[in-house]
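Novice: Generate a structure from the sequence data that follows.
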Amino acid sequence: MIPQGFIQDLLSRVDIVEVVGRHVDLKKAGINHKGLCPFHGEKSPSFIVSPSRQTYHCFGCGVHGNAIGFLMEHTAATFVEAVEDLAQQVGMVVPQEDRSPEQIERAKAEKARQHSLTDVLARASGHYQAQLRKSPRAVAYLKGRGLTGQIAKRFELGYAPEGWRALASGFPSYDDPQLVESGLVISPEVEPGEDAKRYDRFRDRIMFPIRNVQGEVIGFGGRVLDKGEPKYLNSPETPVFSKGKELYGLFEGRQAMRQRGYALVVEGYMDVVALAQYGIGNAVATLGTACTAEHVHKLFRHTDMVVFSFDGDAAGRRAAVRALEAALPHATETHTVKFLFLPTEHDPDSYVRELGAEAFERCVEGAVPLSRQLITVAGDGCDLGTPEGRARMLNQARPLWNLLPDGLLRRQLLGEIARQGQMPERELQALWLGEAVAPAAAAAAPAGPAERPRWQPKGEWKPKGDWKNRQRGEEIRPAGPRAAPATHADSATRLLLLHSELWDALADEDRALMHDLPGIHGELIQWLERHLTHHGASPWAVIEAGLLADGLSAAAARLSRPSRELGVEEQNPAGDLEIAIGQLRRQRQQALAATAGGSATDEDRRRALELMATLRAHHGVTRS
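Specialist: Okay, the predicted model is just below:
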């Protein structure tokens, strides 16, 4: 937990003009600074930064807040990440009450090490850009791909010259161990007593700097100019770079994602840059690996819709299967996923250059929804005209459906899968969830011979016990609740809204858990986090007014309805919250274990994962 006093001290030391100015081009306007709003598209500036109040406000879209809120909104950082980023900028150490002094020192040293490596990578990026300007051959290659100098500057493209030690001219000491640690230089293992002959990792390649959401260079992708292998070469795993977590073009494309309303995932660096050249700046690319669930999670922090673009060949279809598996755990009624398949002779780069941006955007509009893609993948190789084919389709659909989080989309898809398999939805649900099948509608059965009336007791049956003392006309209360019992997500969200001061007492990982809840729960928690950032803990009356102003009061009321109808009163809100979050934590661990292929004790889950492995093998997909 970060003390509130530290937050106030941090905000008093931070210069919001400097913080915002790293991301927005600001100009002095009287006592304030003005620029184009990064949160919506506009041609005349209405975004104001006030150094006296240390706040920002847009008169166009209404966003406002302090330096912490800006980083959370603009870079999709969590509250803790934003605080740590600002603290590092002003030389403060974030206090953590649950960490020992040794742990704090180790974390501080690791931060310093990472900052030093990003400085080395930034210097290398500048060196590669300077080498590009000196190489007519590299410039001619980029022009031949239809790129302008302006787009090359925006993405900071460079060139790694031929030669084994060309990078030595960009650094004072080629023996600096950080050149090896950052992945720029290779130092092969040698026998004791022998000199290690270092050499550049990237040689005679167009260089694509990979930046994190803060804009720091964390790695490179290098493409050969002519024929050669490998076609693309990426930086190795380092303390600042993990290709399974990062996306090329995310830093450059965040604003376009907000303006267009979706993120476009493509397969190559050149696809990202070429699409931006033609005005489609919301594209990102994975870094030589299949799309992972962490990639999808990161994108959904910037937008509510993700469109995967693949070539129409067999390799593209296999990649689509992997992307589907990665997207399913994050697909909800509020998160949209689509799949775009281009003609086999095209990739996004060639398609947009040959047919133009408008034709490509029309393809995006016709992209396949996740629900249809799931059924297509499950039905691949199945003859739905036969019972055997339909059974096989249902067998292949089950492990995919199991990856979906609980919610409306999951229930809707169950009905769609049942219709495709020509099976009653109730029976399929009972089969997949291990429930008992409810008796079929007996009234629909053909009438048989009339049965003789059964013997009926004479007289009125009189109950025993307290019932005989019940007064005539007294209301008979139902034995069960009139509303469905609240889920753990309902309880935790409701308690935090009613007792917002409990948010500060949560551990960082529990805040992240609540923040990432799907559907309306996550939306309410994200709203609450923004409210607390700007206004601090507030009584329920203030929270309720804010929810009403933002159109979320009805959703919050629905969460409390079951408890209200049951007459539940919290005697210990903090204890109840701890229990609810503990249950959510266990549910997440079970889901992650199943998704990651970990050993599960539940027999149905084990069988589902085995079926998923069979499905991947059927489509020729291998884990990377």
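Novice: can we go C-alpha only for contacts and neighbour counts from here?
Specialist: OK.
Novice: Can you show me the strands along the stretch 101-250 of the chain?
Specialist: Along the stretch 101-250 of the chain, the segments classed as strands by DSSP state E, counting those that start in this stretch run 158-160, 185-186, 199-200, 205-211, 217-224, 232-234.
Novice: With distance to A29 added, can I get those strands in JSON lines?
Specialist: Converted to JSON lines, the strands of the stretch 101-250 of the chain look like this (distance: least, C-alpha to C-alpha, whole Å):
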{"stretch": "strand 158-160", "distance to A29": "36"}
{"stretch": "strand 185-186", "distance to A29": "47"}
{"stretch": "strand 199-200", "distance to A29": "48"}
{"stretch": "strand 205-211", "distance to A29": "31"}
{"stretch": "strand 217-224", "distance to A29": "32"}
{"stretch": "strand 232-234", "distance to A29": "44"}
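Novice: how about these in TSV, adding mean pLDDT and distance to M257?
Specialist: As requested, these are exported to TSV (pLDDT from 0 to 100; distance: least, C-alpha to C-alpha, whole Å):
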stretch	mean pLDDT	distance to M257
strand 158-160	96	25
strand 185-186	94	35
strand 199-200	94	36
strand 205-211	96	17
strand 217-224	94	21
strand 232-234	91	25
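Novice: and L26, which of those strands is closest to it?
Specialist: L26 lies closest, by C-alpha to C-alpha, to one member of these: strand 205-211, at 22.2 Å.
Novice: related to what we said a few turns ago, tell me the most buried of the strands of the stretch 101-250 of the chain?
Specialist: Comparing the strands of the stretch 101-250 of the chain by mean neighbour count (mean count of other C-alpha atoms under 10 Å), strand 158-160 comes out on top with a mean of 27.
Novice: circling back to that earlier point, nearest to A112, out of the strands of the stretch 101-250 of the chain?
Specialist: Across the strands of the stretch 101-250 of the chain, A112 has its closest neighbour in strand 217-224 (14.4 Å, C-alpha to C-alpha).
Novice: Which among the strands of the stretch 101-250 of the chain is found nearest to Y278?
Specialist: strand 205-211 (18.4 Å).
Novice: Could you list the buried residues of the longest helix seen in the chain?
Specialist: The longest helix of the chain (DSSP state H) is helix 101-133. The neighbour-count check on helix 101-133 (16 or more other C-alpha atoms under 10 Å) flags 104, 114-115, 117-122, 124-125, 127-132 as buried.
Novice: Packing partners of it?
Specialist: If you count contacts as 3 or more C-alpha pairs under 8 Å, 6 or more residues apart in numbering; DSSP states H and E, helix 101-133 packs onto helix 136-144, strand 158-160, helix 177-181, strand 217-224.
Novice: relative orientation of it and strand 217-224 in degrees?
Specialist: Comparing the axes of helix 101-133 and strand 217-224 via axes from the mean of the first three to the mean of the last three C-alpha atoms, to 10 degrees yields an angle of 40 degrees.
Novice: Give the rounded mean pLDDT of helix 101-133.
Specialist: Here helix 101-133 scores 89 as its mean pLDDT.
Novice: what distance separates it from the centre of its chain?
Specialist: The chain centroid and the centroid of helix 101-133 are separated by 25 Å, computed with C-alpha atoms, centre = their mean, to the nearest Å.
Novice: nearest residue to the most centrally placed residue in the chain other than its sequence neighbours?
Specialist: Centroid check for the chain by C-alpha atoms, centre = their mean gives H297 as the closest residue, at 1.6 Å. Nearest non-adjacent residue to H297, counting by C-alpha to C-alpha, 6 or more residues apart in numbering: H330, 6.8 Å away.
Novice: and what of R585?
Specialist: The spatially closest residue to R585, leaving aside those adjacent along the chain, is L513, at 7.5 Å (C-alpha to C-alpha, 6+ apart).
Novice: and the helix or strand that contains the one you found, which residues are buried?
Specialist: Under the criterion of DSSP states H and E, L513 resides in helix 508-515. By 16+ other C-alpha under 10 Å, the buried positions in helix 508-515 come out as D510, R511, M514, H515.
Novice: I'd like the distance between the residue nearest to the centre of the chain and E523.
Specialist: Distance, H297 to E523, by C-alpha to C-alpha, to the nearest Å: 15 Å.
Novice: Same check on G244?
Specialist: With distances taken as C-alpha to C-alpha, G244 is found 27 Å from E523.
Novice: quick one: low-confidence parts of the stretch 351-500 of the chain?
Specialist: 435-486 (pLDDT under 70).
Novice: try it again with 50
Specialist: Along the stretch 351-500 of the chain, segments meeting pLDDT under 50 span 440-451, 461, 463-484.
Novice: from the chain's centre, how far out does stretch 395-411 sit?
Specialist: Using C-alpha atoms, centre = their mean, the offset of stretch 395-411 from its chain centre is 19 Å.
Novice: typed the wrong thing, it's stretch 498-512
Specialist: Taking C-alpha atoms, centre = their mean, the mean C-alpha location of stretch 498-512 is offset from the chain mean by 21 Å.
Novice: Can you check the distance spanned by that stretch, start to finish?
Specialist: Start-to-end, stretch 498-512 (C-alpha to C-alpha) is 19 Å.
Novice: what's the answer for stretch 280-297, then?
Specialist: In stretch 280-297, first residue to last residue: 22 Å (C-alpha to C-alpha).
Novice: That one - what's its average pLDDT?
Specialist: The average pLDDT for stretch 280-297 rounds to 90.
Novice: Stretch 584-595 too?
Specialist: Here stretch 584-595 scores 70 as its mean pLDDT.
Novice: coming back round to it: closest to H23 out of the strands of the stretch 101-250 of the chain?
Specialist: With C-alpha to C-alpha as the measure, strand 205-211 is the member of those nearest H23 (13.6 Å).
Novice: Direction included, what does that closest one pair against?
Specialist: Here strand 205-211 is paired, per DSSP bridges, with strand 158-160 (antiparallel), strand 217-224 (antiparallel).
Novice: could these be laid out in TSV, adding distance to A541?
Specialist: Converted to TSV, the strands paired with strand 205-211 look like this (distance: least, C-alpha to C-alpha, whole Å):
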stretch	distance to A541
strand 158-160	56
strand 217-224	46
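Novice: S371 contacts L414, doesn't it?
Specialist: No - with contact defined as C-alpha atoms under 8 Å, S371 does not reach L414; the gap is 10.0 Å.
Novice: just so I know, which of the helices and strands packed on helix 101-133 lies nearest R301?
Specialist: strand 217-224 (20.1 Å).
Novice: Spit out the contact partners of L524.
Specialist: With contact taken as C-alpha atoms under 8 Å, 6 or more residues apart in numbering, L524 is in contact with T493, L552, A556.
Novice: Before I go, just wanted to say thanks for your time.
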